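Chemist: here is my input; please provide its structure:
(3 chains)
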Amino acid sequence: MEKVIVQIKNMCQSYGKKKVIDDISIDVYEGEFLTILGPSGCGKTTILRAISGLDFIQSGKIMIDDVDVTDLDPTKREVNTIFQNYALFTTMSVEKNINFGLRMKRVGKEEIKKRTEEMLDLVKMGEFRNRKPRELSGGQQQRVAIARALINRPKVLLLDEPLSALDQKLRKQMQLELKNLQKKMKITFIYVTHSQDEALTMSDRIVILNEGKIEQIDTPHHIYSHPKTRFVADFIGESNIFDGIVESISEGQALVRVTDDITFTITSRGYKVGDKVSIIVRPENFTLEDEENDKNLPLKIKNHIFDGASTQVIGTLPNRQEIKVELRKGSEDFKNRETVYLNYQLEDLIILKGDSHEAV
Amino acid sequence: MKQYDSKFKWLILFPIVFYCLFLIVLPLLYIFIISFFQNDYYGGIIQVFTIKNYIQILDIVYLKVFLQSFLIAFITTIICICIAYPFSLFVSEKKSRYKSIFLMLVIIPFLTNSLIRTYGWIVLLRKEGLINTLLFQLHLIDEPLALMYNSLGIIIGMVYTLLPFMILPVYSAVDKLDRSMLEASSDLGASKWQRFIHVIIPETLPGLFNGSLMVFIPAIGYFFISDLLGGGKLMLLGNLIKNQFLVARNWPFGASVSIVLIIITFFLVKLYKKTGGKMDDLGGF
Amino acid sequence: MKKKKFLKNLFIGLVLFFLYLPILVLVLYSFNTSKLNILFEGFTLKWYLVLLENRSLLEALGNTLFVAVTSTLVSTIIGTISAIALKKYRFFGRSVLNELLYIPIVIPEIVLGIALLSIYTFFHIELGLHTLILSHIAFSLPFVVVSVRSVLNSLDPHLEEASSDLGASPIKTFFHITLPAVMPGVISGALLAFTLSLDDVVISYFTAGPGSNTLPLKIYSMIKTGITPDVNALSSLILLVVITILTLSTVIKIRQSGKEKAYE
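Modeler: Numbering: from 1, shown residues only, chains lettered A, B, ... in the order given. Modelled structure (predicted):
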C-alpha cells in the first residue's frame, strides 16, 4: 500500500495567460482508489491528461513506477484512460474494441484470444461480443471501455468522469461495480469527478482541487469531518458558516461574537481576543430545543423538507442568515412552531482561523 | 376538401414528374433502346434488333480503352486520396476560423472555369512552358521534359480538376471525428500510422467512398482533359463515346458503351451505400 | 513539435499552391505585353481593352450568363417546391421519383449529355440556347432538391403543424414558415446550380447549337487554335468577381457566428 506508483512533482500548466495548474504535487500509492474532486474548470482533467501523456506538461515532472515519463508519448506509458464519453471505436465490434490495444502491440493470436475472453467474462459482455457500440446501452458501453483499458494490464487506470453520461440509478450501480472491480483487480485508479457523492462513496483518498491548487488530500471521512479550508467545508457536504471575532476567553473556552445577538462558545486552542474565526456547523450537528437558554440561538422556521430518511428544517437567525438543520428523527414536534432554538455540541464545531482560511 | 387537396398535390408535383420523365427517364431509355439497334453508313439508325454493339465492346481495341480509362481514373482517385487525407487531418487541427478560410481557399479555384484552369496547365506543362523553361534556366535539364501530351499530363489535369471533390467529403468526415476516439487509440498504444489505418480510415469510410465516387466517375468521362493535356494520344471512355456520337456517328455503339458505363456506375453506388454512405451526401458541399 | 507543425503547414501550403498555380499563371500572363503565353516581357493592361472589342468572346460570356441565370432560376424554383412536396406528400411512385433524382448526380456527365442530345434529335428539336438551358436544368435541378431536403430534414417536424394550429392557411404557412426556414438550403442549392452551369463543358458540348456558344465551349475551341491574352484578362476578371463575393460572404458568416457566440 505504501509504494508510490504515480508521482506528480511541481506540475504547472497554463493555457495562454490562464494558469490552469499551479505547482501541484501528488503521490499516488499502489492499489489505491484516488479521486481528484473539484468544480468544473478547476484543472482536474488537465492532471489526468498529463499522467496519460495526452498533453505534455509545461513544467514539473511525472514519474510512473519510478520511471520519469514526463517526455514520453501516451503510447509508451503503462497507464490507460476511460474517457468521459467512452470514445469507443464505432466501426469495431465489442470484441475488436476490447482487444484493440493488444492488436496494436502485435501480441500473439492465442494470447489475444485468451485475454479477450478473460475481459469479456470480467465485464460480463460475452454475449454482446459481436455488437457495435451504438447497439449497446450506456452501462454496457461503459463496461466495454473498462475492459478495453484493463486488457492492457495498466499500472494505473485513469477515469475521466466516467459516470457523468449515465442516469441517476445506473450511476449508483456503476459506482459499486467500479469499486468492486478495483478491489478485485488491485489496480490503482485515479478517478476524476465533480460529484462529491461519487468521491465520498468510492475513494480511498480524495484530492480536492480548486482553481489549479490543491485544497486538501485526505480520506473521505477526514475530509468531511475535518475540512482544512473554507472551500472544502463548503464543497463537501452542506455547511452553515459563521464569521466572528473572539471576544473573551475563560476556562479553556472562547466566546465568539458573530453579531450583536449571536455568539458561539468554542473550545479555545490558543486564541487571542480579537482573532477572526469562522465556525462551521454541519446541518446534522445542530439540535433543536423548545426553550430558550443562554447558549442556544433562536431560529425562525421557514420550511420543512421531508426526503424519506431525514427531514431538513430551513430557517433564519435574527441576523437573517439562512440555516439548514437536518433531523434524523421526524420533526413532528416542531411542525407547528414558528420559532425553535438551535443547539450544538462543542466537539462538532469545525473552526477555521479567520483570514488565512486555514484550519486550526 | 379531399378532392381539392389531391388536385393541388399533383399540380405541385407536376413539374418534377415532368422533369423526371422527359429529362431523365426518356433520354436514358432512348439510349438503352438504340444500343440494341443497327447503324447505317450515313450515321442513321436502323430499327433492327441486334446485340452486336455489345459484342463489339469486347474487341481488344475497345477493351483497351476501358482498361486505360479505368486505370487513369483509378490512379487519379488514389492520388486524390493521398493528398486529401493528410490535408484534411492537418486542416482539422487548426482553429475553427482558419479551418473555414482554408476550405474557402480550396473551393475558390473550382468556382472559376475548369477549361481556363486546364489551359493554365498547358501554359505550365508544354515543351516551351513555364516549368520546362524554369528548369532549363536553372540548368537542371538539357532537354525539355515531356510533361503533357501523355498520360502524365492527363493525370495531372484530372487530379487538379477533381481534387476538391475528394477534399470536401473527406474533410467533413475527418472534422466530425471524435477527438477523444483518436486520443483513446494513442492511449491504448496505437502508433500514428496504426491509428490512421485502424481508426481514422474505418471511421471516415463513407466520406472516403463519397470522394472516390465523385472523382472516379467523372474521371472516366472528362474527355476534354485527355483531349487537351493528353493530346488525343490516349483514348478514354469519354473520348470514345464523344467520337461515336459526333465523329464516327455510330450512335448505337456509343449508346452501348454508355449503358455499360451506367451499369458500372450503379455498381459503384451500390458499394457506396453498402459502406453506410448516404445518397444525399453525394455532390453536396 | 515545432518541426512537425512546420511540415504540416508546408503540406497545406503546397496543396493550395498546386490549386492556385495555373490560375496565378493566367493572371500573370494577362498583364504580359507579348501575345504569346511563353515569356513574360513587360507589364501592360492592353489586353483588358482588347477584351472589350472581342465580340465573339463577349457574346459567349453573355450566353453563359444568360443560360446560367435562367437555368438556375428554374431549377431553384422547381427544386425547392419539389423538395418540400416530396417530403410532405405520400403518393404512388414517390420512392421511384426520389431515386430517379440521384441519376443526374451520379452518372457520368457525358452519358447525360449524349442522352439529351439523342432525345432532342428524336423529337426534332433544333439545338440552341433553349436546349442548352433545358440541359443545364436537367443536371442542376437534383442538386437543388438535395440541398433543400438536407435543411428540411433538420427542421422541427412540428413547425408547420404549430403554424396551422395557430390559424395560418397552408399558403401562408408556406411563405411565412417553411420557405424562410429552408432558405439556407435554397441559397446554397442555387449557388451550386449557378456554378455548375457556368463551368459546364461536357453537357454543353453536346447540347449547344450554332449561335449558342458558351464561354467554356469558346475557350475549348480557342485552346486548340491558340489562346489570346484577352482570354487571360477575362479569366482574371471572373476570378476577381468570385473571390470578392466569397470573401464578403465568409466575412459575413464569421461576423454572424461571432455574434451568436457573444449571446451564449
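Chemist: same for the longest helix along chain B, what does it pack against?
Modeler: Looking across chain B with DSSP state H, the single longest helix is helix B:60-92. In terms of contacts (3 or more Cβ pairs under 8 Å, 6 or more residues apart in numbering or on different chains; DSSP states H and E), helix B:60-92 is packed against helix B:52-57, helix B:96-107, helix B:151-176, helix B:205-221, helix B:237-246, helix C:2-29. Where you see a C-beta, it was placed from the backbone N, CA and C, and this is true even at glycine.
Chemist: got the buried residues for the longest one?
Modeler: Of the residues in helix C:2-29, those buried by neighbour count under the rule 16 or more other Cβ atoms under 10 Å in any protein chain shown are C:8, C:11-12, C:15-16, C:19-23, C:25-29.
Chemist: so where do the helices sit in the stretch 1-150 of chain C?
Modeler: For the stretch 1-150 of chain C, helices defined by DSSP state H, counting those that start in this stretch occupy the ranges C:2-29, C:46-53, C:55-88, C:94-106, C:109-122, C:129-153.
Chemist: what's whichever helix or strand comes after the last one packed up against?
Modeler: It refers to helix C:129-153. Under the assignment DSSP states H and E, the closest C-terminal helix or strand after helix C:129-153 is helix C:159-165. Judged by 3+ Cβ pairs under 8 Å, 6+ apart, helix C:159-165 is in contact with helix C:170-173.
Chemist: now do the buried residues in the helix it packs on.
Modeler: By neighbour count on 16+ other Cβ under 10 Å, the buried set for helix C:170-173 is C:Thr173.
Chemist: how close does the residue of chain A found nearest chain C sit to A:Gln13?
Modeler: At 8.3 Å from chain C, A:Phe56 is the closest residue in chain A, using Cβ to the nearest Cβ. When distance is defined by Cβ to Cβ, to the nearest Å, A:Phe56 is 9 Å away from A:Gln13.
Chemist: which sections of the chain are below the confidence cut-off?
Modeler: Looking at chain A here, since you left the chain open. A:1, A:329-335, A:354-360 (pLDDT under 70).
Chemist: hmm, I had chain C in mind actually
Modeler: C:1, C:36-39, C:256-264.
Chemist: tell me the centre residue of it?
Modeler: In chain C, the residue lying closest to the centroid (Cα atoms, centre = their mean) is C:Thr195, at 1.5 Å.
Chemist: in the stretch 151-285 of chain B, what residue is nearest chain C?
Modeler: Using Cβ to the nearest Cβ, B:Gly221 is the residue of the stretch 151-285 of chain B that sits closest to chain C, at 3.5 Å.
Chemist: before we move on, back to that, what about A:Phe56 and A:Gln13, which has more around it?
Modeler: The neighbour count for A:Phe56 versus A:Gln13, taken as other Cβ atoms under 10 Å in any protein chain shown, is higher for A:Gln13 (22 against 15).
Chemist: was I right about that one contacting A:Arg49?
Modeler: No. Contact between A:Gln13 and A:Arg49 fails when scored by Cβ atoms under 8 Å: they sit 9.2 Å apart.
Chemist: which residues do these two both contact?
Modeler: Listed as contacting both A:Gln13 and A:Arg49 by Cβ atoms under 8 Å, 6 or more residues apart in numbering or on different chains are A:Asp55.
Chemist: before we move on, back to that, can you name the residues that contact the residue nearest to the centre of chain C?
Modeler: B:Leu111.
Chemist: chain center to the one helix or strand it maps to: distance?
Modeler: Assessed by DSSP H and E, C:Thr195 sits inside helix C:179-199. Put simply, helix C:179-199 sits 8 Å off its chain's centre (Cα atoms, centre = their mean, to the nearest Å).
Chemist: and stretch A:69-81 with chain B, contact?
Modeler: Yes. Using Cβ under 8 Å from any Cβ of the partner chain, stretch A:69-81 reaches chain B at A:Asp73, A:Pro74, A:Thr75, A:Asn80, A:Thr81.
Chemist: name the nearest residue to whichever residue of chain B sits closest to chain C, ignoring sequence neighbours.
Modeler: Of all residues in chain B, B:Gly120 sits closest to chain C, at 2.6 Å by Cβ to the nearest Cβ. Spatial nearest neighbour of B:Gly120, chain neighbours left out: C:Pro22 (2.6 Å); criterion: Cβ to Cβ, 6 or more residues apart in numbering or on different chains.
Chemist: check B:Gly43 too.
Modeler: Leaving out its chain neighbours, the residue that sits closest to B:Gly43 by Cβ to Cβ, 6+ apart is B:Arg249, at 3.2 Å.
Chemist: can you list contacts of the host helix or strand of B:Ile12?
Modeler: Using DSSP H and E, B:Ile12 sits in helix B:2-19. The contact list for helix B:2-19, computed with Cβ under 8 Å, 6+ apart, reads C:Ile78, C:Ile81, C:Ser82, C:Ala85, C:Leu86, C:Tyr89, C:Phe91, C:Leu97, C:Ile137, C:Ala138, C:Leu141, C:Val145.
Chemist: look up how far A:Lys105 lies from the closest residue to the fourth one other than its chain neighbours.
Modeler: The shortest distance from C:Ala85 to any residue that is not its chain neighbour, by Cβ to Cβ, 6+ apart, is 4.7 Å, and that residue is B:Ile12. Going from B:Ile12 to A:Lys105 by Cβ to Cβ gives 61 Å.
Chemist: what do you get for B:Ile200?
Modeler: Counting by Cβ to Cβ - B:Ile200 and A:Lys105 are separated by 19 Å.
Chemist: have a look at these two and say which one is more surrounded.
Modeler: B:Ile200 (21 against 14).
Chemist: relative to chain A, how far out is that one?
Modeler: Plainly put, B:Ile200 is 10 Å away from chain A if you go by Cβ to the nearest Cβ, to the nearest Å.
Chemist: surely that residue is in contact with B:Leu177?
Modeler: Yes. With contact defined as Cβ under 8 Å, B:Ile200 reaches B:Leu177; the gap is 6.8 Å.
Chemist: quick revisit: and the helix holding C:Thr195, which residues are buried?
Modeler: Buried residues in helix C:179-199, defined by neighbour count with 16+ other Cβ under 10 Å: C:181-182, C:185-186, C:188-199.
Chemist: which parts of the lowest-mean-pLDDT helix or strand in chain B are buried?
Modeler: One helix or strand of chain B scores below all others by mean pLDDT, DSSP states H and E: helix B:2-19, with a mean of 80. Buried residues in helix B:2-19, counted by 16+ other Cβ under 10 Å: B:Ile12, B:Leu13, B:Pro15, B:Ile16, B:Tyr19.
Chemist: just stretch B:48-56 next, same as before
Modeler: Burial within stretch B:48-56, assessed by neighbour count using 16+ other Cβ under 10 Å, is assigned to B:Asn53, B:Tyr54.
Chemist: quick check: mean pLDDT across it?
Modeler: Across stretch B:48-56, the average pLDDT comes to 90.
Chemist: chain neighbours aside, what residue packs nearest to the residue of chain A closest to chain C?
Modeler: According to Cβ to Cβ, 6+ apart, the nearest residue to A:Phe56 is A:Asp71 (7.1 Å).
Chemist: what lies in contact with stretch A:291-310?
Modeler: Contacts of stretch A:291-310 (Cβ under 8 Å, 6+ apart): A:262, A:265, A:284, A:288-289, A:311-318, A:322-323, A:325-328, A:331, A:334-335, A:337-343.
Chemist: mind checking how far it is from the chain centre?
Modeler: For stretch A:291-310, the distance to the chain centre is 29 Å (Cα atoms, centre = their mean).
Chemist: start and end of it, how far apart?
Modeler: For stretch A:291-310, the first-to-last residue distance is 23 Å (Cα to Cα, to the nearest Å).
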